[in-house]
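Chemist: Show me how the following folds:
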Amino acid sequence: MHQALDFKKVSSLTSMAMKSTLLVTLLVVVLVASQAEAQLGGLLGLFNIGGTIFCSANGNTITNATTATPPFANALVQVSCGGNVISSALTNGAGVFSIVLNPLQFLLTNLLSNCNVVVASPLSSCNTNLPSTGILQAPLQLVGTVVRGLLSIVNIIPGTFQLIGT
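Modeler: Here you go, the predicted structure:
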């Protein structure tokens, strides 16, 4: 003897199964998006490497100086990873530079552990009393992340500069 199917029960079970599947799918999407955001610095993100270079033997302001340390205008600033230049910029008249990188092309952990900011212009080009050989080099330091709507900006600055190769 065949039992007749109760269409209300079947319909109710089907509806519950569909809701459960939808809930699981939404959770997976949220988890994947959160993981991608953590890895990439945001789904719509960028890495901003920036700072100010001063015309001194270490690229910083000279404390207790009788006159203010002038900025290093028009200096060629590079981001170098393992000896390969991945991006560059010129400082403006105030010695400020900004280099923007796409987080889809670079991993933050690699930038922070394998890359440096290099001032490729000779120091003597801003002050003839400074060395004409050698370069200023500094490791990268994470400052923090700023979120503006859907845009996530990971701010990175140069650490302490050292004069290399004099």
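
Chemist: The closest residue to Thr61 other than its chain neighbours: neighbour count?
Modeler: Nearest non-adjacent residue to Thr61, counting by Cβ to Cβ, 6 or more residues apart in numbering: Thr69, 4.3 Å away. In this view, the C-beta of every residue, glycine as well, is placed from N, C-alpha and C. Neighbours of Thr69 under the rule other Cβ atoms under 10 Å: 16.

Chemist: any idea whether Thr69 is helix, strand or coil?
Modeler: On the three-state scheme (DSSP: H, G, I helix; E, B strand; the rest coil), Thr69 is labelled coil.

Chemist: can I assume it is in contact with Cys55?
Modeler: Yes - contact criterion Cβ atoms under 8 Å: Thr69 and Cys55 qualify, at 6.6 Å.

Chemist: Now do the same contact list for the residue nearest to Thr61.
Modeler: Going by Cβ atoms under 8 Å, 6 or more residues apart in numbering, Thr69 touches Phe54, Cys55, Ser56, Asn60, Thr61, Ile62.

Chemist: can you rerun that using 7 Å?
Modeler: Phe54, Cys55, Ser56, Thr61, Ile62 (Cβ atoms under 7 Å, 6 or more residues apart in numbering).

Chemist: name the helices or strands packed onto the lengthiest strand in the chain?
Modeler: The residue-count maximum for a strand in the chain (DSSP state E) belongs to strand 135-148. Contacts defined by 3 or more Cβ pairs under 7 Å, 6 or more residues apart in numbering; DSSP states H and E place strand 135-148 against helix 108-114, strand 115-119, strand 151-158, strand 162-164.
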